[in-house]
Each structure stands twice: as structure tokens, then as C-alpha cells.
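A.B. asks: Okay, sequence plus prediction incoming.
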Amino acid sequence: MEWASASAAVRRHRVGGERRDGPAAAPQPGREAPAQEPPEDACGGGARTRKRSAGGGGASRGAGTGLSEARAALGLALYLLALRALVQLSLQQLVLRGATGRHGEFDARRARDYLEHITSIGPRTTGSPENEIVTVHYLLEQIKLIEDQRNSLHRISVDVQRPTGSFSIDFLGGFTSYYDNITNVVVKLEPRDGAQHAVLANCHFDSVANSPGASDDAVSCSVMLEVLRVLSASSDTLHHAVIFLFNGAEENVLQASHGFITQHPWAGLIRAFINLEAAGVGGKELVFQTGPENPWLVQAYVSAAKHPFASVVAQEVFQSGIIPSDTDFRIYRDFGNIPGIDLAFIENGYIYHTKYDTADRILTDSIQRAGDNILAVLKYLATSDMLPSSSKYRHGNMVFFDVLGLFVIAYPSRVGSIINSVVVMAGVLYLGKKLLQPKHKTDNYTKDFFCALGITLISWFTSLVTVLILAVFVSLAGRSLSWYNHFYVSVCLYGTAAVAKIVLIHTLAKKLYYVNASDQYLGEVFFDTSLCVHCISLLALTYRGLCSAFISAVWVAFPLLTKLCVHKDFKQHGAQGKFIAFYLLGMFIPYLYALYLIWAVFEMFTPILGRSGSEIPPDVVLASILAGCTMILSSYFINFIYLAKSTKKTLLTLSSVCAVTLLLVCGGVFFPYSSHPASPKPKRVFLQHMTRTFHDLDGHAVKRDSGIWINGFDYTGMSHVTPHVPEINDTIRAHCEEDAPLCGFPWYLPVHFLIRSFSRRSCSFQTRVQRTDTLGFCEADV
């Protein structure tokens, strides 16, 4: 019979895709004879070219099935805002109240006192009297006081190490670092009868030249002093030693930790370590590296930490090299072959390594939670039976992540692979049941599914292209980083453009291609395509062995369960209030955790884009990240575009917000930087007085010059400075000396590849500190 091959358009005249009452082959109102159907194209195109008839159109939409555009858009926006508020609430809850300062527990007030004394010394660069004499003297003084108050069950030994050495490191393109007579203050707390094994706690008390270094890393050393006091005064016996390393040369690329782990006699006792670092100022300290392998260390953190905050996603992102930074973790891992845990404060990275990194900006609760966690984990490790034979437990990686800071879920990666495989199989069975049914039932669904998949991918691709075009335009217009001091500007500019493009593509598909399709049918098809995308993502990440694949597993498992639960109600009543409520409830966990991770991404990357050099357009990077986040968040909301009666108002609103924001950005309304006392976001400019003497390979001086070397460390270079300091316009642009290392400039770190030719030299001025590079070398008095 001809009915078996009827076109998709004819079938979709049924409400919800098929009739629930009456004969299966009963004709629909407004159906045309099969002979009048144009031939179908590869995606059922014959059905798409027909205009909706009066009868067919009404039947295809179904009575009361269309969602109100205003309610749908407002509801989804409020849903996401509510989840974002919940994430923010969890981030602000740093510690549980009523558990601070009691006897035998970490006291943040004492730690803050240590912190204020250290930062009052001022900047503590390696080699300076402030670092090598004043800070060391203060640390030894406090350690002596702690030693005098210790319990007789414990023994404290102190050693001041001044190592000399060198090492090569594959960081920032790779280089060799040499150090001479740097300072380590090492304290060993052990049982009265001694110990054969130890756990290491590491911090660094040096700072960059222009900063008091409260968060990086004086607060960590203050926490360690207080942890040392609590452990030494405790009546609980330790099974193993705890070594506290206060290292004095981290900022000049991890030198002191190398000197300790390769030369100190106590280094051979260490079986595990905890490294305390900072990439921001205060907030929660994030566990962003563990291992390598040694899943028992993650279990130790899970079991002991009172206020957990950990993510294997952060670990894989950091170890990928995307973030241009490194810590002492690398030294202990690579040169000591020791497993460990790396923690860092990540909030408010705008003032990291600036003069604004002061003690008063670190909340006491931040210190308390860090101290509670470090104390508990060190005590756990110092009494662990696994520590002496830690190498025996080196088997595979761990999947670990916290749930809103309440607790941590952790399991071996091999278990994660099994879970991921089961979730993929569930998704494949669900989709396969629809795609592999008898042809006369699924022919049109299969075509529509793959066409919907193509439309979804096209919408995401064009969304990315749109925001990139906007970002390039803004960069060429000289308005880069307009969002740096006002993050909402990036959302209003790039976020709205990304969403608008996705909505536009699907609206066009709905009106021009899916002419006679039922809203319910299209909603189901586009849900299935989003599920398919996440299944493919899960499969790919699992195949590559990435522990972060658990995120895709969450984005497959919960939506699939939700769909199975609401399917019957959706078929019977369409997209009514009950369906929407249960649908959004089912999406609660994946969307909540996605927003939790998205917060961490922007908290880390937004400040980094203000110090990532002048070669990388930050607007392009941020726009790409926003587009990616939009794709993820839109995936299971695309079906609402097809369930809604219209999207005109939504498109108009999004386009208007984007256009107005673009005009304001191009008009220079949003200045990128701020010196507001409560929330400074400074521009990073390096000015160095220097004299350069160039030598040939025989050591003869061939050239000499001097001046002020000026570098802007963000994409805008000096464009925001020259209007206020016009003398810079009279300076000479310094050219690269092709025959000299690092273009002939005395880079403290080899980051010359990040800086465009914005380096300038002005009038001569010099002070005396010498740096020498060989291979046809240049001597610079900086």
C-alpha cells in the first residue's frame, strides 16, 4: 500500500507524532493524497517544502501544546540564575561556625598574626636582606617559641640549609636554572624515639619584587607555623615524622625546593608531600594536582579534609599546560619521585603578584579552612600505615570531585571507565531502540534525527564563529579587555551573541525546514540529538583515558533518566507545567555542577588573560570559552525552542543587549582597569632600569647601551598609559638582537615569546645587579 511510504509531513499531522485513540491508519484532517506529495530528499526534504495547510497546521501543533515564549525564556533564565546563586552560596561558606580556636585545634588568629608579621617586612625577593635575613630570623624565632611549648612526646629539629645547584626544566619552552647559596628553613617534627619515614609540608616565604606576597605564599607559611604548633603540642603520638619546609626561592622558578629534595639529608625520609601555593588571594584552597597515581593520597584527603574542595578537572587542565604556571609539585615529582597533593588559593587572581596582595585581603575564614584541612591531612598521613610503603600503592589514577564543598566523591579511574561504559551503553540502547526499529516506523525519525544533529552542530559552529568575529572586531578597534573590570560586559556582548545565534539557527530550521512537524515530536528529536552528542563526548574522553569524562557521564545519565520519567506525561499532555517542572528538576545536578565548574574556569582564566602577554588576543580566548559554555548549557534546552510558540521577542532582546553593549564597548565606556580599594584590578606594566653590554664569543664587549625597559604584560600594551605619560611616545622602540639570547633582553623568566614588539627604551639610568647569558652573551645591569 502507498500508506506505508507516506511522507514525514503527513505522519506528523498527528499530535505528538502518532494517534493514541482510534485506528492506526485513520486519516488526519487536512491530509493530502500521497500522489500529490513531492519526492523526498535525503532528509525527507519533500515534506519540508510543503506549506502548512490550515487543517494540518492546527493538528500538527496540537491544542495547547505550544509554550509561551515569555514564560519559557524567563523560566529558563530564572532557573540558571537560581543555580548560579546556589553555587555562589556554597563558595561563600568557607568554614563551619563554632569550631575555631579551641584547644588542640588550628587557630586562624595565631596564623593571621604570623601572616601580618611576615608581610610587614615588605617584598622578599630571593637574595635580598628582607628574604635571607629578616624573614629567616622571624621564622627561626617563632619556631623556637613553638619548640619550647611542645609536648614531651615529640621532638623538633631545625636546620637552615643554603644549597647551590642547577637543573633543567621543561617550562616556558625549557631552560636551565642555576642557584647559589639560597635559603631553606627546615623543621622536622617526629616521635620522641625518632622515625624512619616522613611526610613533607612545603611553602615558600619569598615573593616577587613588587608585592608583599600575602597570599603567594606568606599565608601558607603562616598556616604551616600554626599547624606545627598544634601538632607539637598535641598529646597524640605520631607514627611518622612531619617535615616542614619553608623555602626561600620559589618565585625564581622553583630553586629552593630543588635544593632541598636533591641535597638535604632528610629528603630521603619523605614518602609523600603537601604543597601549599596560590594563584589568587583567599577564598577556598583547591586541590588541583595529586599523584602521580597513588590513589591512596586522594583517599587520605577525602577521609581527613574538613572542608574539601578538589577537582580532577583542574588537575587535567593544569597539567595540560594551558595555564602558564608551575609549582614546587613538579620538583618533588620529577626530581624526588615522590607523590603528593598540590593546593592553591584561586579567587581574585587580579591582584596576584601585585602590591595589593596584602594580609587584610585574606579572610580569616580562608585561613581557618586551609589550616583545618592541612592539619587534618598531615595528621592522617603521619599516622597512616600506607606511608612507609607508599610505592606499593602506586596503581592508576583517581576520579575525584567535590560536591559544592560538602564532600568529595572519589573512585579509581578504572572504575570510572566501567561506569562511563555502562552509561554509554544505556544511551546507545535508548537511541538504538528508536533508530533500529522496522523501517516503516523509523524511516522519517532516522532522517530527522541526523538532520537535527547537523542543525545542532551548525548552530554551535556558527555561534562560535559569530563571537570570534565580534572578538576580533573589538580587538582591532582597540577595545580589548573592556570586560576585565566588568565581567558582565563579556556576558552581555559575547554570551548574548552566542545564545542569539543558536536560537536563530533553530528558529530558521523550525520555520523553513520542519514546516509541518509537531512541536512535541521536534522537542523529542532535539533532546535525542543532544543526548547523542554527550554520548559521543563521553566515549571520546573515556577512550583517551581522561578522568574528566565523569562530567559527560553526568550529562548523559541524569538527562536520560529524566527523559524516561517524564516521557509518558509529555506524550499525554505536551509541554505543560508539570512536564517542565520535572524536566528542570531532573537537569538540576548536571546544570548545577556545570555552573560550579564554569565559575572555577572564569575565576582562574579571566585574571590570567590580564597577564598573558601581548601576543594572545584575550577577547578571542574569552569569547571562545563563553561560546563553549553556551553550547554546553544550551544542549538540553534546544528542545524548548521547538516547543515554544515563537522566539521573536527572545531574539530581539538578545540582539538588542548585544548591540547596545558593542556600541558602549566601542565608545570606550568600560575602562578595563580599576584602583578601587575594595576590588582593584590593576594593569601590569614592568619598568626596569638597565644597562646592557653585549659580548662576542671571545668575551670582548662589542656594544653597550642603557635605558628604562618598559613592557606592558597584557594585549593592550602601553595604549592606556601613553595618554597619561606622553613622554613614553618619545622613547625608542627596542628591536630584537637576533644574534643574542632572548633578543638581548634580561628576561627574569623566558617569556619573550608572549610579548609583542612593545618593548621600549628611554633615557639612561642604571643600578647594579648583574645577569649573564652565554653563547654570545649580553650583560645587563638591572
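C.D. replies: Ah, there it is.

A.B. asks: Would you mind listing where the chain has pLDDT under the threshold?
C.D. replies: 1-65, 96-103, 173, 438-443, 748-782 (pLDDT under 70).

A.B. asks: Quick check: which helices or strands does the longest helix along it pack against?
C.D. replies: In the chain, with assignment by DSSP state H, the single longest helix is helix 439-476. Counting contacts by 3 or more C-beta pairs under 8 Å, 6 or more residues apart in numbering; DSSP states H and E, helix 439-476 is packed against helix 8-11, helix 413-435, helix 496-508, helix 519-543, helix 618-634, helix 648-666. (C-beta placed from N, C-alpha, C; glycine too.)

A.B. asks: which other helices and strands contact the third one?
C.D. replies: In terms of contact count using 3+ C-beta pairs under 8 Å, 6+ apart, helix 496-508 is assigned the packing partners helix 439-476, helix 618-634, helix 638-643, helix 648-666.

A.B. asks: what does the domain assignment say about the protein?
C.D. replies: 69-90+425-667, 108-404, 685-767 (the TED database).

A.B. asks: can you redo the ones you listed as JSON lines with distance to residue 679 and mean neighbour count?
C.D. replies: Shown next, in JSON lines, are the domains of the chain (distance: least, C-beta to C-beta, whole Å; neighbours: other C-beta atoms under 10 Å):
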{"stretch": "domain 69-90+425-667", "distance to residue 679": "9", "mean neighbour count": "19"}
{"stretch": "domain 108-404", "distance to residue 679": "8", "mean neighbour count": "20"}
{"stretch": "domain 685-767", "distance to residue 679": "18", "mean neighbour count": "15"}
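
A.B. asks: I'd like to know how far residue 449 sits from residue 529.
C.D. replies: 6 Å (C-beta to C-beta, to the nearest Å).

A.B. asks: just residue 122 next, same as before
C.D. replies: 59 Å.

A.B. asks: go on, residue 262?
C.D. replies: If you go by C-beta to C-beta, the gap between residue 262 and residue 529 works out to 55 Å.

A.B. asks: go on, residue 500?
C.D. replies: Distance from residue 500 to residue 529, by C-beta to C-beta: 20 Å.

A.B. asks: As CSV, the helices and strands packed on helix 496-508 with distance to residue 251 would be great.
C.D. replies: Listed next are those as CSV, based on distance: least, C-beta to C-beta, whole Å:
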stretch, distance to residue 251
helix 439-476, 31
helix 618-634, 24
helix 638-643, 48
helix 648-666, 35
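
A.B. asks: if we can go back for a sec, of the helices and strands packed on helix 439-476, give the one that comes closest to residue 176.
C.D. replies: helix 618-634 (30.5 Å; C-beta to C-beta).

A.B. asks: List the contacts of the closest one.
C.D. replies: Residues from elsewhere that reach helix 618-634 (C-beta atoms under 8 Å, 6 or more residues apart in numbering): 80, 460, 463-464, 467-468, 470-472, 474-475, 480-481, 483-484, 490-491, 494-495, 498-499, 502, 555, 591, 594, 598, 601-602, 605-606, 609-610, 612, 714-715.

A.B. asks: which residue ranges form the strands in the stretch 101-250 of the chain?
C.D. replies: 154-161, 165-169, 175-179, 184-191, 198-204, 241-247 (DSSP state E, counting those that start in this stretch).
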